[in-house]
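J.: would you be able to build a 3D model of this:
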Amino acid sequence: MGMRNFSWLLLAASIAAEVVGTLALRHADGFTRALPSAVVAAAYALAIWLMALAVRQLEVGLAYAVWAGAGTALIAVCGVWLFGEAVTLARCLGVAMIVLGVVVLHLDPR
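T.: Residues are numbered from 1 along each chain as shown. Alright, predicted model coming up:
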C-alpha cells in the first residue's frame, strides 16, 4: 500500500473517530457524565491526530472537505439508526448532496 493510499485510510479512521465523538456527545449530557465526556475528548483528539497524519500526503482542502462531508452524512444516518431521529425528504436530499460532493471531489485527477 502506497503512502497516499495509507493516508486515505488514516482519513477514514479520523472520520470514524469524529463520528464516535459526536455520537458520544448525546450521552455526555453537557459534559456532566464522566465516561461519555472522556469518550468525546479522546475520540476528537484521535480524529484530529489522524487527520494531521493524513494531510501529510493529502491536500488539506480536499481532506477536510471529505472529512466534514463524510462525517456529517454518517452522523445523520447514525442519528436515524441509533436515536430514532426523523427521516425527511430534505434531510435525505441534503445527505445525498453531501455524498455526491465527496464523490465529485474524488473524481478530480490531481
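
J.: assign a three-state SS to V87, would you?
T.: For V87, the assignment made with DSSP: H, G, I helix; E, B strand; the rest coil gives coil.

J.: OK, contacts around it?
T.: When the contact criterion is C-beta atoms under 8 Å, 6 or more residues apart in numbering, the partners of V87 are V80. From N, CA and C alone the C-beta is placed, and that goes for glycine too.

J.: let me see the backbone angles for it.
T.: Backbone dihedrals for V87, given as degrees, to the nearest 10, come out at phi -110, psi 120.

J.: point to the helix or strand of this structure where mean pLDDT is at its lowest.
T.: Within the chain, no helix or strand scores below helix 89-107, which has a mean of 87 by mean pLDDT, DSSP states H and E.

J.: next up, phi/psi of the residue nearest in space to the middle of the chain, please.
T.: By C-alpha atoms, centre = their mean, the mean C-alpha position of the chain lies nearest to G71, the distance being 2.5 Å. With angles defined as degrees, to the nearest 10, G71 sits at phi -60, psi -40.
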